[in-house]
Structure formats: C-alpha cells, structure tokens
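K.L.:
I would like to see how this sequence folds:
(chains A and B)
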Amino acid sequence: MQADNSWFDKSNLRVFVVFIVCFGFIYLDSINQKIFNKTKSIINDVVAYTSYGVTYPIKKIITLPNFIKETIKLKDQHQQIKALENQIEELTEQNKFLKKDFKKFETFLSEENSVKFETVKAKVLIEAKNFISDSFIINKGSESGLKIGNPVIKNNYLIGQITEVNQKTSRGIFLTDINSRIPVLVGENLYQAILIGSPLVTSKLSLEFLPKNSELKNGDIIYTSEIEGVLKKGILVGTIIKSAENEENIKNTYSIKQHYEKLEVDYVSVLVK
Amino acid sequence: MFRAKKNYNNIIALGFLITSILFNSIFDELSLNANLNKYFNIQFLLIYFFSFNRFIYFSISPLFFLGLVNDSIAGSPFGLSSCIYILIYKIAVYQNTIKLRSIFKAEWIAFGISIFAAYILIFTIYSFLGNSYDFRMLIYNFVGTFFIYPIGWIFLKYIFLKMETVGNE
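P.N.:
Got it, this is the predicted structure:
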C-alpha cells in the first residue's frame, strides 16, 4: 500500500509503458504505416458494427416519433401526388398538345439519366460529433470501391467527403467539420470560393477566398467546383441566405443553408466515379 | 485503500463509461441541433470520478482499450484517447492518495487540474500532428466539462453511490 503514496513507484512503470505504446500508436497512425493501418481498419470495422448493433434499439426508440410524423406526412403527400396524377391523366387525354409536351419531358428526363453519376448506396452506422470532429461511419468500404475523397450525397446535396476507408466501413466528415475544405462556385456569376467547416458560426459553414468584388444574393445556389479525379463539378451544396436587415451590406451578412435535416442522415450515396 | 464494492456496482460504473463512448451519436440526436456534446465531455467526468473513488475496473488496461474504441468511433488519432484517459486516471488516483476527497471544492479544483492537463495533451498532440482544430472549441469544452462536474458529482455521489451503499447492506 505504501507504493500508492509515491508518485514514482513500480506501478508507474506500467503507466509509462502504456504511454509509450499510446504515443507509438499515434506516431504509426500519423505516418500511415501499412500493417498498423490494416490492423486499425479491422478494429474500426468491428467497433463500428458493434456500436451500431448496441445502439440500434435505442436509436429506433428515439427516432420513432419522428418516423411516425414522417410516415403521416408521406401518406398525405402520396395522396396529393395521386390526385395530381389523375389530373394529369385527364388533361393529357383532353389535350394532344399536352401529350406532346409530356413526350418532350420524357425525352428530357432520359437525357438527364444518361449523365447520372455512379453511386454506392450506404447506411450511416454512427454519427460521431464531438468538439474535435464532425464525422460519420457508413457500412461500405474498400470492398464496394470507395476511396478517400469520394463525395457523399444526400437528397442530391453534398453533405461530406470520405476521409478514411476500411474494408467494410468508411469514415466521412460532414461539410461542417473543421477539416472540411470544398472548392465551390457561388451564385449566377459562379464566384470561386472554398467552403470551410466553421463550428462556431451559426450555419457552421463559411466561404473563404471569395473575390473582393463579389456580391452574394439571397437564394444564390452553391455548387461544387471540379477537382480532377476527386470531385465532380455541379453537385449542389446549399444556398445563400442573407439577413433582411443587412441586405445592403455585402460582407459577412450571409449564412449558408444546407438542404437536409440532421435526423434524415440515415442513408447516403457515395459518388465513386 | 481499496473499498470493498459489490461487483455489479463496478460493472455499472464501467457501463456508464462504455455507454458514454458508444452512445455518442445518440447523445447527439437527443441534443438535436444544439450539439451539446461538443460543449462538455462526459467521459472525462466519469473517468475522474470513478478513478478518484477507486472503482476496480477503472484501471490502466480497461481505460487503454476503451480509449482505442473511442478513437475508432470519434476518428481521432489512434491512441490519443487512451493516453488522455490514463492521464486523468493517474492524476485522480494520485489526488485520492493525498486525501483530497474530504472537501468537494478541493476535489472540483483537482478535477479542473486533471482535465486541464488532458486538454493540454490534446492541444500538444494535435499541434504536433498538424491537424486542424478550433482553439475556442477546446476552451469551451474545457469550461463546460469543468462546470458540469458538480451536477455529475451530485448525481453520482448522492444517487449512484447511495444505491451502492444500499446494495452492500
């Protein structure tokens, strides 16, 4: 028991050894050592699936009220769509011009399909948000062809990027993560800027390197700019919201609205090509 | 020095810590858009409290492995959390041995010192690795964790440890 009262005793040797091991791990992680990375990848896969399995029932209970609300909303929307479809059918039968327009619309849609990106659908296993990172883990990894840098999409909007790929899982960072840097084009004039995650800003996003003479308008759309082999041009990111009282003042009066609800991030698409 | 405790109390104490690590995303969903878990770190509080009160599973090996699990979930550099957990554990145990436990204020300040050392370590490692971080977030998290300690302390001391006493009787 006497050993407990001294700072330097045999028990501290164990602590010292563990500290050395920890620092060794941090070092090997930082230099991307091959064998260490493979082991870490296996640990990450096991931890991700275990954590998902353990937290699944509680998550379901928590999200149940929202799920019921959404289901009721969807039912209403479905009925509205059905009513609209019936109206369209009646109108197309009555008017041949409308039928022609509809055919044009069909051709337009088929053309749109031909330029679709190749995606991998994935389920979000864990959302890990703390004071240092704002990330998520999905259930697809290198086996499904995912690579570091692949954009992650939800409802046609960019929500993040893949930063770490394991065999069966991958980690992505949200746009709001402090390490997130996305080249973007803003507004009708397609101003070039870098979208950066800023945890302390209300919208948690900010635009850096905007041209000095740039004028942002309320509702300006933000698209991605191309990085060859990594990021495609033209993916929607969000819209500029300007506060009404400061509309005349150009600088620092905007916020960026992302078009997805936090609780909606359950399934995502990853652009692989 | 070690108080005789029934095993299930030690397991529940460890369970609290495992829950706080695994349920990160659930805490996040509960706090909705407020991201409350960014402003305080419940794990530091639990490790300090249970190490200070010498719960047997709060020792080097479990904390080392739980740290790796936390790094795997949070995406922080592998080994960082283990390092921090063990640092807080070691300071708490040392403070326990010098009989600091009699006054709450002293215990609270000692907690502040231990987490301050932990945040200094985080700051140093992140700076060394060149990772981006927001210095203000570190400060907010430190202040938040420090001020949430009395609430956690009341809950753990007067509810959890009371339950434990009743259980032992």
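
K.L.:
whatever residue of chain A ends up closest to chain B and residue B:21, how far apart?
P.N.:
Proximity of chain A to chain B (C-beta to the nearest C-beta) peaks at residue A:25, 3.1 Å away. Backbone N, C-alpha and C define where each C-beta goes, glycine included. For residue A:25, the distance to residue B:21 equals 17 Å [C-beta to C-beta, to the nearest Å].

K.L.:
since we're on the closest residue to residue A:47 other than its chain neighbours, how many residues are nearby?
P.N.:
Of all residues not flanking residue A:47 in the chain, residue B:72 sits nearest, at 4.1 Å (C-beta to C-beta, 6 or more residues apart in numbering or on different chains). Here the number of neighbours of residue B:72 (other C-beta atoms under 10 Å in any protein chain shown) works out to 27.

K.L.:
and the helix or strand encompassing residue B:72, what's its mean pLDDT?
P.N.:
Following DSSP states H and E, one finds residue B:72 within helix B:60-74. Mean per-residue pLDDT for helix B:60-74: 91.

K.L.:
kindly report the same for stretch A:53-72.
P.N.:
82.

K.L.:
so which bits of that stretch are buried?
P.N.:
Buried residues in stretch A:53-72, counted by 16 or more other C-beta atoms under 10 Å in any protein chain shown: A:55, A:59.

K.L.:
that one near chain B at all?
P.N.:
Yes: counting by C-beta under 8 Å from any C-beta of the partner chain, chain B has neighbours in stretch A:53-72: A:54, A:55, A:58, A:59, A:62, A:63.

K.L.:
which members of those residues define the maximum pairwise distance?
P.N.:
A:54 and A:63 (15.9 Å; C-beta to C-beta).

K.L.:
out of the residues of stretch A:53-72 next to chain B, the closest to residue A:200 would be?
P.N.:
residue A:62 (26.9 Å).

K.L.:
for that closest one, pull up the helix or strand it's in.
P.N.:
helix A:34-94.

K.L.:
show me what that helix is packed up against.
P.N.:
Using 3 or more C-beta pairs under 8 Å, 6 or more residues apart in numbering or on different chains; DSSP states H and E, the elements in contact with helix A:34-94 are helix A:10-30, helix A:96-114, strand A:119-129, helix B:7-22, helix B:24-30, helix B:60-74.

K.L.:
now check stretch A:152-164, is it near chain B?
P.N.:
Yes: contact between stretch A:152-164 and chain B, assessed by C-beta under 8 Å from any C-beta, occurs at A:163, A:164.

K.L.:
I'd like the mean pLDDT over that stretch, please.
P.N.:
On average, stretch A:152-164 scores 88.

K.L.:
list every C-alpha atom in it, with coordinates, as PDB.
P.N.:
Once non-C-alpha atoms are left out, stretch A:152-164 reads as follows in PDB (Å, rounded to 0.1, in the frame of the first residue of the first chain):
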ATOM      1  CA  VAL A 152     -21.100  11.900 -50.000                       C
ATOM      2  CA  ILE A 153     -24.600  12.900 -51.200                       C
ATOM      3  CA  LYS A 154     -28.000  13.100 -49.500                       C
ATOM      4  CA  ASN A 155     -31.100  14.200 -51.400                       C
ATOM      5  CA  ASN A 156     -28.900  15.400 -54.300                       C
ATOM      6  CA  TYR A 157     -27.000  17.700 -52.000                       C
ATOM      7  CA  LEU A 158     -23.300  17.200 -51.000                       C
ATOM      8  CA  ILE A 159     -23.100  16.600 -47.200                       C
ATOM      9  CA  GLY A 160     -19.500  15.500 -46.800                       C
ATOM     10  CA  GLN A 161     -16.500  13.500 -48.100                       C
ATOM     11  CA  ILE A 162     -14.900  10.200 -47.300                       C
ATOM     12  CA  THR A 163     -11.700  10.500 -45.300                       C
ATOM     13  CA  GLU A 164     -10.900   7.000 -44.200                       C
END
